[in-house]
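Peer 1: below are the sequence and a predicted model; questions follow.
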Amino acid sequence: GSSSTITTGDYNTSVGTSALQWNATGSYNLALGKSALNKNTASYNVGIGVNAGYRTTSGAYNFYCGGNAGYNLTTGTKNVALGYQAMYNGETDDLTGNTASYNIAIGYQCMGNEYGDDVANFTGDKNVGVGYLSLSKLTSGDQNIGIGYDALKDLTTADHNVAIGQGAGHNITTGTYNVA
């Protein structure tokens with residue numbers, strides 16, 4: 001069932017099979033949907049949707065809304081992911097390195113790695129993506145802004161880029177300080 005291992009955690013709410021299933025000590029969490037925040041042990045997380053924040057362990061102050069939103073993040077903090085598979089990025093074999101923090105991803109597969117592609121750990125911080133597939137291949141890039149369908153789609157490790165509009169900067173992979 002949901003919240004089946006709580007021992008010292010307080011003020012948690014879970015609705016859905018396996019929601020907050022492994023949360024023993026985390027407090028002030030909300031998990032709505034099958035397996036939402038399933039591995040969570042931290043506090044102040046919200047997961048709404050099937051598998052939202054599924055692999056979050058010690059990451060706190062995250063908000064995930066949408067099926068598989070924030071699925072592979074483990075220890076990242078203060079992230080917002082809205083949309084199906086938003087912020088799905090991250091290595092699936094070595095989950096401990098998915099530490100991305102202070103990111104905002106809004107849109108289908110925004111920072112979502114085109115669902116199913118196995119990539120490097122997701123460690124990028126302070127990025128903003130709005131739009132279908134924007135920043136979808138991001139791994140370790142910091143302080144990038146991609147707004148629009150496919151904006152900065154192929155960017156992986158670059159920093160300090162801004163792209164606004166459909167397909168803007170979609171071919172930038174590792175370049176820095178670009179405006180498109």
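Peer 2: Perfect, thanks for sending it.
Peer 1: contacts and neighbour counts: CA atoms only from here.
Peer 2: Will do.
Peer 1: any stretches of the protein with poor pLDDT?
Peer 2: 1, 3-4, 90-96, 114-119 (pLDDT under 70).
Peer 1: tell me where it has helices.
Peer 2: Here the chain has no helices by DSSP state H.
Peer 1: now Gly9. Nearest residue, chain neighbours left out?
Peer 2: Thr25 (4.1 Å; Cα to Cα, 6 or more residues apart in numbering).
Peer 1: residues in contact with that neighbour?
Peer 2: By Cα atoms under 8 Å, 6 or more residues apart in numbering, the contact set of Thr25 is Ile6, Thr7, Thr8, Gly9, Asp10, Thr41, Ala42.
Peer 1: run a quick neighbour tally on the third one.
Peer 2: Close neighbours of Thr8, defined as other Cα atoms under 10 Å, add up to 10.
Peer 1: re earlier: just flag the most distant two among the contacts of Thr25.
Peer 2: Using Cα to Cα, the two most remote members of the contacts of Thr25 are Thr7 and Ala42, lying 13.0 Å apart.
Peer 1: those two: which has the busier surroundings?
Peer 2: Counting neighbours by other Cα under 10 Å for Thr7 and for Ala42 shows that Ala42 has the greater number, 24 against 11.
Peer 1: isn't that one up against Leu30?
Peer 2: No: here Ala42 does not reach Leu30: they are 11.4 Å apart, not a contact under Cα atoms under 8 Å.
Peer 1: residue ranges of the strands in the protein, please?
Peer 2: Here the chain has its strands, by DSSP state E, at 13-15, 30-32, 46-48, 63-65, 80-82, 104-106, 128-130, 145-147, 162-164.
Peer 1: about what we covered before: out of the contacts of Thr25, which one sits closest to Gly83?
Peer 2: The shortest gap between Gly83 and any of the contacts of Thr25 belongs to Ala42, at 22.4 Å (Cα to Cα).
Peer 1: distance of the closest one from Ser58?
Peer 2: According to Cα to Cα, to the nearest Å, Ala42 and Ser58 sit 5 Å apart.
Peer 1: which one among the contacts of Thr25 gets closest to Tyr132?
Peer 2: Among these, and counting by Cα to Cα, the member closest to Tyr132 is Ala42, at 29.4 Å.
Peer 1: what residues are up against the closest one?
Peer 2: Here Ala42 is in contact with Asn23, Thr25, Gly26, Ser27, Thr57, Ser58, Gly59, Ala60 (Cα under 8 Å, 6+ apart).
Peer 1: against Gly26, how distant is the fifth one?
Peer 2: In this case it means Thr57. 10 Å.
Peer 1: find residues that contact each of those two.
Peer 2: By Cα under 8 Å, 6+ apart, the residues touching both Thr57 and Gly26 are Asn40, Thr41, Ala42.
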